[in-house]
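Q: I'll drop the sequence and a predicted model, then ask my questions.
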Amino acid sequence: MQISIRGAPDSFGHISYVWSTNFSDQNFLYAVTLAMSSFIGIESIAQAAEETKRPDRTIPRATKMSIVSVLVFAVGLSAISLGMISWSTLGASINDPISVLVQSIAGIGITLLPIVAFTGFAICLVSSNTGIIGVSRVVFSMSNFGLLPEWFSKVNSKTRTPVRTIIVFGAIGALLALIGQLDWVADLYNFGALLSYLMVNISLIILRQTDKDTYRSWKVPFAINVKIRQKHYEIPIPSLIGVFACGSIWSLVVIFHPMGRLLGFSWTGVGILIYILHRRRVGKPLLGRDIGRSIKPMTYKMNALVLIRPEEKEEIATILRSSIDTRFRLTLMSVISTEKWELPLATADEYRKLAGLDLEAI
């Protein structure tokens, strides 16, 4: 029955309805925006890429596992909940639905209640810490590339962490928690995360066209080639779906969440103002490609070792310079046989030390 009517038929005061009738469909759309918050935080995996060993393997694997885990636990918990108690009981317990669900377990519900409560506290603590880690690294990178004041790029000499950004955004998070309006925090988080997801998907599509030669240790699969006006464009299907999905849900957040709309646009406006003031202070243009050119992937430079004969160094170097791109640092190595030249042992050791010649491709 609940699926057939899609959403509750009642009107709720915290929802900004578009139409004065048909509350059921609008409540369903509002619920979609809340469900999206289950995936928020996955971006923290990519934000920690600079501190990860083998990010080309670890980041894609962790992201895929997180998406599957969220789907399994979100859908599984919803199915189990509705199988144990009615949806109306869950709806009346909006502040503590898990505790109501646990108490309904016959025999051991009361015993499990404190364990579940502590587990929920631990999960929230870990989630908050993950959020601070993510935002501190993002702000540090933006400051490092000239998008924000250089004050944010200060790194602690002992811990090698962006301590200033951790303190600032940790304090902001604590202040929002002390206010007690967690629904406002959720609205703001939904607004910002969906907007960033939308921009990332758009950026990926653009970079596939404008930065084709950049080395990518892992690429988003399932791309199609589209020909428009004699030009070929490579469009990743997952990114195209992401643009549509994130754009649609972000629009629903703007429509149905009045506080999310107010806080989200205010937060974005403050960020844009800080950016404008900073760029003018350092005498740099607001728009341009200089920042994008300065950002290179972590594995942008790779070493290429080539074994050659001593008499072929000039010829081989010329050929290799013209055949490889600037991602490679070229090293030419000659091996001299001491037996063939009948060199003294000391002289042979000196030749071994001088056997390599480093040539950086420009």
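A: Perfect, I can see it now. Residues are numbered from 1 along each chain as shown.

Q: can you give me the strands in the stretch 101-250 of the chain?
A: 223-228, 231-236 (DSSP state E, counting those that start in this stretch).

Q: List the contacts of the first one.
A: This points to strand 223-228. With contact meaning CB atoms under 8 Å, 6 or more residues apart in numbering, strand 223-228 is reached by 208, 232-237. In short, each C-beta sits where N, CA and C put it, glycine included.

Q: do stretch 111-127 as well
A: 41, 98-99, 102-103, 105.

Q: can you check stretch 166-183 too?
A: With CB under 8 Å, 6+ apart, stretch 166-183 has contacts from 14, 128, 131-132, 135-136, 139, 152, 184-185, 259.

Q: Send me it as PDB with only the CA atoms.
A: Taking C-alpha atoms only, stretch 166-183 is exported to PDB below (Å, rounded to 0.1, in the frame of the first residue of the first chain):
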ATOM      1  CA  ILE A 166      41.100  21.000  10.700                       C
ATOM      2  CA  ILE A 167      40.700  23.500  13.600                       C
ATOM      3  CA  VAL A 168      38.500  25.900  11.600                       C
ATOM      4  CA  PHE A 169      36.100  23.400  10.100                       C
ATOM      5  CA  GLY A 170      36.100  21.300  13.200                       C
ATOM      6  CA  ALA A 171      34.900  24.400  15.100                       C
ATOM      7  CA  ILE A 172      32.300  25.100  12.500                       C
ATOM      8  CA  GLY A 173      31.000  21.500  12.700                       C
ATOM      9  CA  ALA A 174      30.900  21.700  16.500                       C
ATOM     10  CA  LEU A 175      29.000  25.000  16.400                       C
ATOM     11  CA  LEU A 176      26.400  23.500  14.000                       C
ATOM     12  CA  ALA A 177      26.000  20.500  16.300                       C
ATOM     13  CA  LEU A 178      25.500  22.700  19.400                       C
ATOM     14  CA  ILE A 179      22.700  24.600  17.700                       C
ATOM     15  CA  GLY A 180      20.800  21.400  17.700                       C
ATOM     16  CA  GLN A 181      19.100  21.800  14.400                       C
ATOM     17  CA  LEU A 182      20.500  18.700  12.800                       C
ATOM     18  CA  ASP A 183      17.900  18.900  10.000                       C
END
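
Q: I'd like the numbering to begin with 13 instead of 1 from here.
A: Let's use 13 as the start, then, which means that last one is stretch 178-195.

Q: could you list every residue that touches E55?
A: 146, 205, 208-209, 212.

Q: Tell me the most packed of the residues you listed, by neighbour count.
A: Counting neighbours by other CB atoms under 10 Å, Y209 leads the contacts of E55 with 22 neighbours.

Q: got a pLDDT number for it?
A: Looking at Y209, its pLDDT stands at 88.

Q: Just give the nearest non-adjacent residue to it, would you?
A: C258 (4.4 Å; CB to CB, 6 or more residues apart in numbering).

Q: Next up, the contacts around that neighbour.
A: 206, 209-210, 213.

Q: Quick check: buried residues in the longest helix seen in the chain?
A: Longest helix of the chain, by residue count under DSSP state H: helix 121-156. For helix 121-156, burial by neighbour count (16 or more other CB atoms under 10 Å) applies to 143-156.

Q: Of the residues you listed, just say which sits nearest to L102.
A: Set against L102, the nearest of these by CB to CB is G143 (26.5 Å).

Q: what's the distance between that closest one and A118?
A: According to CB to CB, to the nearest Å, G143 stands 37 Å off from A118.

Q: what do you get for S49?
A: Taking CB to CB, one finds S49 at 31 Å from A118.

Q: Which of these two has more residues huddled nearby?
A: Neighbour count, other CB under 10 Å: between S49 and A118, S49 has more, with 14 against 5.
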